[in-house]
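Colleague: quick one: sequence plus predicted model below, questions after.
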Amino acid sequence: MTHSYPLHPSALSIDDFDYPLPDERIAQYPLAERDASQLLLYKNGTISQTVFRNIGEYLPENSLLLFNDTKVFQARIIFYKSTGAKIEIFCLEPTAPTADYQIAFSNPGHCYWKCLVGNNKKWKSGSLKLQVNIDGEIAILTAEKIEQTGESSIIRFSWEPSHLSFAALLDQSGLVPLPPYIHREADTTDKDRYQTIYARLKGSVAAPTAGLHFTDSVFDSLAQKHITSAYVTLHVGAGTFKPVSAPTLGEHEMHAEQISISTQVLKQLLSLTEEGEPRTIIPVGTTSMRTIESFYWLGVRKLKGKMDEQNPFVKQWDPYDPIFDTGVSFHDSMKALLDYLENSDSNVLIASTQLIIAPGYHYRVAGGLITNFHQPRSTLLLLVSALIGDDWKKVYSYALENNFRFLSYGDSCLLLP
């Protein structure tokens, strides 16, 4: 029996998106081979399974896979006070001299970041120092707490020699930020395996995990089926692990994340709509899904004269607002963004999104989804339910009954509604 959901997602109860997930089903390590993971296949209500390396056999011919090319950075830095107290600083996002991740990473001398501080009560005042060896050159990294803002703090990092980049310091001193449900310390293999093979732009504190299964041989098999690829970017924030604790979705505030798309990809997507026979766009992971659907709504905002060109932003409830939900085509939305970029002499559009995709959402771009299995009571599970309805329960029951591995290092599924 199909569940009857309210017309507006804000009235949804998160209790309807819970399921029992035993700890032993949460993968603590990746498999030896990326593409050896199990793949659950869902198509029009029917469920079967195979191995991920065979995914090309089940994708629609000539479809386009949309990947998130963000790169996880070594976001955790361990300092020790002179008293011996251990202080962990978890870098979330840059705040000054710029909020642009790539510029912040390459900035010499100093930078300011919004951070979480572990053992915060032991760091009342003063600076923390860490000695870092970079290719035989000794650097001193200094952290100063500038202000406390709720759960997070603004930290000023400075270093000598100042010609070094913050990225170089993090690469040597930082640790891989494994998710909280992986109950172990990061080791050397995580630096490689908690990263997609196509990762390009540093900025995430969590991997877009649906992409972890892809290998060069999988890409080769996709090319033989004329399945093409395009790349967008969403820098995954720590909020991705935040469960919905409010009784209804209307009381849950989505975390904002930085997204970007290039003129090249906009042209590539526009060409799909101009070839006559529409091609299926399948995002790889919930982050790719939220990115491309967010850019659709940003294009709608542009057409309606409601895009903030200084800080382009998609709000949580935009898709459910009659002002925006007026049936604008995917083609017209992408064309509006491309025209805007070309008129502003820019090759990349950087924006922020707070978009929530939940039952009641009508997908404007995606014709399917490749994704891992998500935590109970999470917004990612809501996104899956928006795509396949109450069948998410059938999918997750099948996975639990057939020894699928869950969450970041777990198995995946191909959902074709």
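Modeller: Cool, got the structure.
Colleague: who's in contact with the lengthiest strand in the chain?
Modeller: If you go by DSSP state E, the chain has its longest strand at strand 137-149. Residues outside strand 137-149 that contact it (C-beta atoms under 8 Å, 6 or more residues apart in numbering) are 77, 79, 89, 112, 114, 117, 123, 125, 127-133, 153-161, 164, 169, 173. For the C-beta atoms, the positions are set from N, CA and C on the backbone; glycine is no exception.
Colleague: which ones among these are found in helices?
Modeller: Using DSSP state H, the subset of the contacts of strand 137-149 located in helices is L169, S173.
Colleague: how long is stretch 122-133 end to end?
Modeller: Counting by C-alpha to C-alpha, to the nearest Å, you get 26 Å between the two ends of stretch 122-133.
Colleague: that stretch: how far from the chain's middle?
Modeller: 30 Å (C-alpha atoms, centre = their mean, to the nearest Å).
Colleague: ok, now stretch 149-166?
Modeller: The answer for stretch 149-166 is 24 Å, by C-alpha atoms, centre = their mean.
Colleague: mind listing what's buried in it?
Modeller: Neighbour counts using 16 or more other C-beta atoms under 10 Å place S152, S153, I154, I155, R156, F157, S158, W159, L164, S165, F166 of stretch 149-166 among the buried residues.
Colleague: contacts only, for the residue of the chain positioned farthest from its centre.
Modeller: Going by C-alpha atoms, centre = their mean, the residue of the chain most distant from its centre is T83, 37.9 Å out. Going by C-beta under 8 Å, 6+ apart, T83 touches K122.
Colleague: how does it look with 7 Å?
Modeller: By C-beta atoms under 7 Å, 6 or more residues apart in numbering, the contact list for T83 is empty.
Colleague: restricted to strands, list the contacts of strand 137-149.
Modeller: Per DSSP E, those map to strands at 77, 79, 89, 112, 114, 117, 127-133, 153-160.
Colleague: where in the stretch 1-150 of the chain is pLDDT low?
Modeller: 1-7 (pLDDT under 70).
Colleague: surely V328 is in a strand?
Modeller: No: counting by DSSP: H, G, I helix; E, B strand; the rest coil, one finds V328 to be coil, located in no strand.
Colleague: check which helix or strand covers the closest residue to it other than its chain neighbours.
Modeller: Spatially, and ignoring its direct neighbours in sequence, V328 is nearest to V300 (4.9 Å; C-beta to C-beta, 6 or more residues apart in numbering). Per DSSP states H and E, V300 falls inside helix 286-303.
Colleague: which neighbouring elements make contact with that helix?
Modeller: On a contact count with 3 or more C-beta pairs under 7 Å, 6 or more residues apart in numbering; DSSP states H and E, helix 286-303 meets strand 64-68, strand 228-234, strand 257-262, strand 313-314, helix 330-343, strand 348-353, helix 379-388.
Colleague: most neighbours per residue, which of these?
Modeller: Ranked by mean neighbour count, these are led by strand 64-68 with a mean of 25 (mean count of other C-beta atoms under 10 Å).
Colleague: that one pairs with which strands?
Modeller: Sheet pairing of strand 64-68 (DSSP bridges) gives strand 228-234 (parallel), strand 281-283 (parallel).
Colleague: could the ones you listed be laid out in a markdown table, adding mean pLDDT and distance to E61?
Modeller: Converted to a markdown table, the strands paired with strand 64-68 look like this (pLDDT from 0 to 100; distance: least, C-beta to C-beta, whole Å):
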| stretch | mean pLDDT | distance to E61 |
| --- | --- | --- |
| strand 228-234 | 98 | 11 |
| strand 281-283 | 98 | 12 |
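Colleague: I261: which of the ones you listed is closest?
Modeller: strand 228-234 (5.0 Å; C-beta to C-beta).
Colleague: distance from the closest one to the middle of the chain?
Modeller: Counting by C-alpha atoms, centre = their mean, strand 228-234 comes out at 12 Å from the chain centroid.
Colleague: which residues are contacting it?
Modeller: Identification of contacts with strand 228-234 by C-beta under 7 Å, 6+ apart yields 64-70, 201, 257, 259-261, 265, 268-269, 287-288, 290-292.
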